[in-house]
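J.: coords please:
(one chain, ligands or ions: 2)
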Amino acid sequence: MAVKRGGSKRSNNEKKMMTKKASTHGTVRHGRGLGRVRRRVPVRLGERSYEIQLGQDWLETVGRKIAADLGTERIALVTVPPVARRYASTLTRGLQSKGAKVSRIVVPDGDASKNLGQLARLYDQFLKLGMDRQSAVVTLGGGVVGDLGGFAAATFLRGIPFVQVPTTVLAMVDASIGGKTGVNLPQGKNLVGAFHQPRGVYIDIGTLKSLPRRQRAAGAAELIKAAAIWDEKLFEFLEANIERFLDLDPKVVFAALDRGCAIKAEVVERDEREGGLRRLLNFGHTLAHAVEAHAGYRGILHGEAVSMGMVFAAERSEAMGFAPDGTRDRLCSLLERAELPIHAPDRPRRAYLSAISVDKKKEGGKIHFVVSKGIGSAGTTLIEARKLIPTGWRA
Ligand SMILES: NC(=O)c1ccc[n+]([C@@H]2O[C@H](COP(=O)([O-])OP(=O)(O)OC[C@H]3O[C@@H](n4cnc5c(N)ncnc54)[C@H](O)[C@@H]3O)[C@@H](O)[C@H]2O)c1
Ligand SMILES: [Zn+2]
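T.: Numbering: from 1, shown residues only. Ligands and ions are numbered 1, 2, ... in the order given. Okay, here's the model as predicted:
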């Protein structure tokens, strides 16, 4: 079994992250008062490079920064109702500061909106607004809006600029970074898409106050995943602070998101188009996708399915000899404190097998399964689904 190491080439500086000194490492710029950038994380991709900027209660400033950076006359602001009614006006005020015409396009809430119909509606609106290749898209919301609006930007007139303003934990540390955009088909999730890097990612942690706690926890699952595959220090930080994170203690949220974003950025920098390393981000996702598919993508949040999937992956990693004993238990205890479910629904083994076998990460009858190599390190192994789920396995 071939296993690729992850997380071994980090600089010492990065490894020190989360120690008291290192929590003010290179990405930090202190700002006094509200409306300032508190943290910056670079995403270095040559001419497609951009920055993730984090602040608090600074949406209007964010709008002004985006307007100045884009320098465009026309901006389509793509968002969803729960986010639009709280935050769109403030962001729009900033976006208009350089005289740009800003049009708000509100798509219905929920993953079901990430479809070809809504995509066609966006193109239609873009044309009605007279958008051209100098126009830009700004997405304000969770991963759904980011993926849909980003894909519209990737494809309209063969690609126009876009900027992400994520408002869920999941979108802040995962979906908004790395340029993966796309929509679902009736046959499956994320089957049509494009790589299209945003021009920038602007995070306002103040928006998390209105995000339901269950959604915060689901986002925390991806953060725990990032720590589990890449950074034991971040994992320890979350072990010490997970309750404060869910309660939105700003210090803890900034530190955790800063590092979470930096991990995603680093993985994307080394493997922009998912040739290998980026696969590590799928830790826990093999089983998660099966769980989500069985549930018909209803009633269970993605992060909750990932939580169950990580427990499964850690357990199998221990059994296959990749991870030391105790890895699963350590992961479980953090996930439980993060108010996440750890047991996959009790279904027959064959149900999981068939769902896993249709997963798109399949290659020649085998699947690329991400294994834990202990907290903070991961690799992949090519394995047959039936070997991955042994007879008699119980969730
Ligand atoms: N492109 C990528 O690399 C990538 C990575 C991971 C996930 N994704 C995609 O992201 C999507 C999931 O993203 P998500 O979890 O952010 O879901 P989401 O976008 O549906 O948001 C979750 C819910 O929270 C609401 N919401 C968002 N921000 C809010 C706020 N600040 N206050 C109150 N309510 C708020 C939304 O309206 C929605 O009801 C999936 O479609 C998944 O495929 C993409
Ligand atoms: Zn995920």
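J.: near ligand 1, which residues of the stretch 151-300 of the chain?
T.: 167-168, 170-171, 174-175, 178, 180, 190, 207, 210-211, 215 (C-beta under 6 Å from any ligand atom). Any C-beta I mention is one placed from the backbone N, CA and C, and that applies to glycine too.
J.: if we go to 8 Å?
T.: For the stretch 151-300 of the chain, the residues in contact with ligand 1 (C-beta under 8 Å from any ligand atom) are 166-171, 174-182, 184, 189-190, 193, 207-212, 215, 218-219, 222.
J.: what about Val371, which helix or strand?
T.: strand 366-372 (DSSP states H and E).
J.: which residues make contact with that strand from outside it?
T.: 3, 228-229, 279-280, 282-286, 313-314, 316-318, 320, 322-323, 327, 331, 356-357, 359, 361, 378-385, 388 (C-beta atoms under 8 Å, 6 or more residues apart in numbering).
J.: go again with 7 Å.
T.: 3, 228, 279-280, 282-283, 286, 313-314, 317, 320, 322-323, 327, 356, 359, 361, 378-385, 388 (C-beta atoms under 7 Å, 6 or more residues apart in numbering).
J.: next structured bit after that strand?
T.: Assigned by DSSP H and E, the successor of strand 366-372 is strand 378-384.
J.: give the other helices and strands that that next one contacts.
T.: Packing partners of strand 378-384 (3 or more C-beta pairs under 7 Å, 6 or more residues apart in numbering; DSSP states H and E): strand 366-372.
J.: just the CA trace of the strand it packs on, in PDB.
T.: Provided in PDB are the C-alpha atoms of strand 366-372 (Å, rounded to 0.1, in the frame of the first residue of the first chain):
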ATOM      1  CA  LYS A 366     -10.200   0.800  -5.900                       C
ATOM      2  CA  ILE A 367     -10.600   4.100  -4.000                       C
ATOM      3  CA  HIS A 368      -8.200   6.600  -2.700                       C
ATOM      4  CA  PHE A 369      -8.800   6.400   1.000                       C
ATOM      5  CA  VAL A 370      -7.300   9.000   3.300                       C
ATOM      6  CA  VAL A 371      -5.700   7.400   6.400                       C
ATOM      7  CA  SER A 372      -4.700   9.000   9.600                       C
END
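J.: hmm, that strand touching ligand 1?
T.: No - Strand 366-372 does not reach ligand 1 (C-beta under 8 Å from any ligand atom); its nearest approach is 14.8 Å.
J.: go ahead and confirm Phe176 touches Pro166.
T.: Small correction: residue 176 is Ser, not Phe. Yes - counting by C-beta atoms under 7 Å, Ser176 touches Pro166, with 4.0 Å between them.
J.: overlap of the contact sets of these two?
T.: Gly146, Val201.
J.: so for these two, which residue has more residues nearby?
T.: Ser176 (32 against 28; other C-beta atoms under 10 Å).
J.: the residues of the stretch 151-300 of the chain next to ligand 1 in helices, which ones?
T.: In helices, defined here by DSSP state H, the members of these are Val169, Leu170, Gln215, Ala218, Gly219, Glu222.
J.: pull the number of nearby residues for the third one.
T.: This points to Gln215. Gln215 has 18 nearby residues by other C-beta under 10 Å.
J.: show me the contacts for it.
T.: Thr168, Leu301.
J.: same check, this time on the fourth one
T.: Contacts were defined as C-beta under 7 Å, 6+ apart; by that measure Ala218 touches Leu170, Leu301, His302, Gly303, Glu304.
J.: can you do 8 Å?
T.: Ala218 neighbours (C-beta under 8 Å, 6+ apart): Val169, Leu170, Leu301, His302, Gly303, Glu304, Leu340.
J.: closest one of these to ligand 1?
T.: Closest approach to ligand 1 among the contacts of Ala218 (C-beta to the nearest ligand atom): Leu170, at 3.8 Å.
J.: tally up the residues packed near the closest one, please.
T.: 25.
J.: next one: Thr286
T.: 26.
J.: state the distance from the nearest residue to Glu73 once chain neighbours are set aside to ligand 1.
T.: Excluding the flanking residues, the one nearest Glu73 by C-beta to C-beta, 6 or more residues apart in numbering is Ala100, at 5.8 Å. According to C-beta to the nearest ligand atom, to the nearest Å, Ala100 stands 24 Å off from ligand 1.
J.: returning to that earlier point: out of the contacts of Ala218, which end up buried?
T.: Val169, Leu170, Leu301, His302, Gly303, Glu304, Leu340 (16 or more other C-beta atoms under 10 Å).
J.: how about the fourth one, what does it touch?
T.: With contacts taken as C-beta under 8 Å, 6+ apart, His302 has the following neighbours: Leu170, Ala218, Ala288, Glu292.
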